[in-house]
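**Q** sequence first, predicted model second:
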Amino acid sequence: MTRGRRRSAWNYLFLAPYLSIFLVFLVIPLLFGLWISFQEYELARKAGDVPQFIGLRNYNDALHDDYFWKALWVTTKFVIFSVPITIISALLISVGIESIRGKREQAYRVAIFLPTMITISVAGILWRWFYNSEFGVFNAILPVKVPWLLTPNWAMTSTIIMTLWWTVGGPVVILLAGLKQIPEAYYEAASIDGAVGWRKFFFVTLPLLRNVLLFVTVISVIGAWQIFGQPFIMTAGGPERGTLVLVLYIYAQAFNNFHMGYGAAMSWLLFLIIVVFSVIQFRVMRER
Amino acid sequence: MTYRLRLLAILHLALSLCILSVTSCDRSSSTVHSPVKLRFWNGFTGPDGRTMLALVKQFNESNPDIYVTMQRMDWGLYYNKLFVAGIGGRAPEVFVVHADSLARFTRANFVRPVDDLVGKNGIVDPSDFDENVWHATERDGKHWAVPLDIHLLGMFYNRAMFRKAGIVDAKGEPKPPTNREEFIDDLRKLKGINGPDSWGFVYTWQRTNVYTAIRQNGGDMFNADHTKTTINSPQNVEALQWCADLVLKEKLAPAPQDFDAWVGFLQGKVGIAFEGIYMLPDLRKQDGKLDYAAAPVPLLFKQPAAWANSHSLCLRANLSGPELEAAKRFVKFLSDHTLDWAAAGQIPVRKSLRASERFQHMNEQREFAKEIPYAAYFPAVPYNFEYMTEYEYGIEKALRGSQTPQQALDSAAVKITRIMNRFNGDSGATP
């Protein structure tokens, strides 16, 4: 055995615990999902029925299902609004925190990151109570009665606000790490050239943060397409399907109505959408 | 160096193997007289779960030859776990299914009929049940489950608010409404009585509130033999119109918010709510800060009706031998002890138990039990989950005023017809 081969054998041995879990809980279910997406796979099937291979019918059904398109549109709206708001907020917050020195920086960092540590079930129930238009805390404080979760558009807005609070900590921490990597010397050089305040931010910070920003954006977009917990807990997709995002619809079809094959097909359609978006993002941000 | 590495690797491997096998490690129990093991699954995750656990413990102590283990999970997860287990042939021996979901399970052959187990000397005597309740677990001429309880929709009202609004009888006691005129009149008096955000009535669970109205108006979801949906029938449209008018025209109820509106009742800002008896533990938690009482739902339309459902005890299909004998004893035990179960916020289904002295002291349950003769179960169809989504979408649109009741129910009818065709046409695929 050559040295190289021996090393790689050892590598696999070390990776084995992770790889086995990765394989059993991710790769195999993924492929199984692909397999059943070509079948009429009913969990609650009639006695004696077996899943039938039906080719692309599930995919075709999805493309002719108006609820699928509605869910796709709702999800798109969420991605379009939620991601830029989250990224811009994260950037501003991280630059703000970076400018603070000493112990207070730590405190702010913890405060911003803390909501991310809360599970969605807890955060969701908490915010559902906050948002309650008759008896919630927001409307008790505000002078006007806001229909937070009562109309489709407000429910979407409320979901975006809650998502910002809940998820902004992750990008902030990553961006902070990126900011710390920018050598002080660049800022000094910029100062000597006469750059101040915002100019430093636009001509030094942003270009040097590009890779980190790309990473954070891609992760956020992927996460946003897969939004589930927030509407699942806060609105159950309502009112009037106004927050029935794609994953929630997939869940409803697969796990409430037991149409597993159909759910799997829609999941793969969502996967394709995410892949396309990620590729576009990489292209666009790399070329600049 | 290599030796150390190897040692590390072996340790690593041993550790991961141990983690993987840990689930199988704790199953090494061997008793000399191994009792018959029964698995009992249900969705009782609230205070009702604690009561049920105590009953199971009591059963295990008094029946040393049987050992029941109970597993409970949220109702939302429960049914699909049950299906996965059923398909894999690992269904529990005894499990709970709601009466209106039973058709889905009998169709999949997961459930054993209990006709041969009931009767004068069987687990239970059918004559001890009200006919409509017993009928709710019947299908295709067979009886599939033993109803454990009946949870009816009833009226909870805030006595303090009633007094403040002057809705009292001759003796000065708060007087709950019994018909539509009194109901509307009371809502007018109650609105704003405890501040600008207080209401006479709120819609909590739209599904059950509206269904009660529909059934009171003589309507239903399907025709008698379930071959056609009647969801957009004139009676249903009329009932839904009245429900929507309460919010949109009369402004006597806020826009519906489902369970969150219930919080308003707990906070003493809502005079009347139509809710299930299972909300009782929630009310009792208020520690006397909320002066409430229960009464039957008023007669709002042509005939009395109140939504109801039953937790029903099912046996796994093909259950036989000692397991069947054990399951029979367990089901009988639970059915005999439903007064304990009822204390947690349920109503016993057996007439003999309701006649007991103890039940007469359960004030709220006793009031709700008056509705049993006209208990209105959702039709037990195998596509219950699918049509329910369309029904809820429809009534939500109407109650919010984004569509008229006619439009909302018409489009629900189109979707439901499509669902029915699929189910009847083939094994039931996608939308």
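**A** Happy to help now that I have it.

**Q** for residue A:34, which non-adjacent residue is closest in space?
**A** Ranked by Cβ to Cβ, 6 or more residues apart in numbering or on different chains and with sequence neighbours excluded, the top spatial neighbour of residue A:34 is residue A:268, at 6.4 Å. C-beta: built from backbone N, CA, C; applies to glycine.

**Q** that neighbour and chain B: what is the separation?
**A** 14 Å (Cβ to the nearest Cβ, to the nearest Å).

**Q** now do the SS call for residue 185.
**A** You didn't say which chain, so I picked chain A. The three-state assignment at residue A:185 reads helix, by DSSP: H, G, I helix; E, B strand; the rest coil.

**Q** tell me the bridge partners for residue B:39.
**A** Judged by DSSP bridges, the bridge partners of residue B:39 are residue B:69.

**Q** so who does it touch?
**A** Counting by Cβ atoms under 8 Å, 6 or more residues apart in numbering or on different chains, residue B:39 touches B:68, B:69, B:71, B:92, B:93, B:94.

**Q** likewise residue A:178?
**A** Residue A:178 is in contact with A:209, A:211, A:212, A:213, counting by Cβ under 8 Å, 6+ apart.

**Q** can you list contacts of the helix or strand where the last one lies?
**A** Secondary-structure element containing residue A:213, defined by DSSP states H and E: helix A:210-225. The set of residues external to helix A:210-225 that reach it, using Cβ under 8 Å, 6+ apart, is A:75, A:78-79, A:82-83, A:86-87, A:90-91, A:167, A:170-171, A:174-175, A:177-178, A:206, A:246, A:270, A:273-274, A:277-278, A:281-282, A:285-286, A:288.

**Q** find the nearest non-adjacent residue to residue B:306, please.
**A** Using Cβ to Cβ, 6+ apart, the closest residue to residue B:306 is residue B:371 (4.3 Å).

**Q** now swap in residue B:149 and tell me
**A** Per Cβ to Cβ, 6+ apart, closest to residue B:149 is residue B:346, 4.0 Å.

**Q** mind giving me the packing neighbours of whichever strand or helix holds residue A:94?
**A** Assigned by DSSP H and E, residue A:94 falls within helix A:66-99. Applying 3 or more Cβ pairs under 8 Å, 6 or more residues apart in numbering or on different chains; DSSP states H and E, we find helix A:66-99 packed against helix A:103-117, helix A:152-167, helix A:169-181, helix A:210-225, helix A:246-251.

**Q** low-confidence stretches in the stretch 1-150 of chain A?
**A** Applying pLDDT under 70 to the stretch 1-150 of chain A flags residues A:1-5.

**Q** ok, residue B:377 - contacts?
**A** Applying Cβ under 8 Å, 6+ apart, the residues contacting residue B:377 are B:99, B:100, B:132, B:136, B:307, B:308, B:309, B:310.

**Q** please disregard the earlier target; I meant residue B:399.
**A** B:203, B:206, B:210, B:240, B:243, B:244, B:247, B:255, B:256.

**Q** contacts with chain A among these, please.
**A** The residues of those that also fall near chain A, by Cβ under 8 Å from any Cβ of the partner chain, are residue B:255.

**Q** does the residue nearest to the spatial centre of chain B have beta-bridge partners, and which?
**A** Here the mean C-alpha position of chain B is nearest to the C-alpha of residue B:309 (Cα atoms, centre = their mean), at a distance of 5.1 Å. As for beta bridges, residue B:309 partners with residue B:151 under DSSP bridges.

**Q** hmm, residue B:151 and it touching each other?
**A** Yes. Contact status for residue B:309 versus residue B:151: in contact at 5.8 Å, counting by Cβ atoms under 8 Å.

**Q** low-confidence regions, the stretch 151-300 of chain B specifically.
**A** In the stretch 151-300 of chain B (pLDDT under 70), the answer is B:258-260.

**Q** for it, what spans make up the strands?
**A** B:199-202, B:270-276, B:292-295 (DSSP state E, counting those that start in this stretch).

**Q** quick one: which of the contacts of residue B:377 is nearest residue A:107?
**A** residue B:309 (51.4 Å; Cβ to Cβ).

**Q** by contact count, what packs against the helix or strand encompassing residue B:97?
**A** In this structure, residue B:97 sits in strand B:94-98 according to DSSP H and E. Packing partners of strand B:94-98 (3+ Cβ pairs under 8 Å, 6+ apart): strand B:36-42, strand B:311-315, helix B:321-336.
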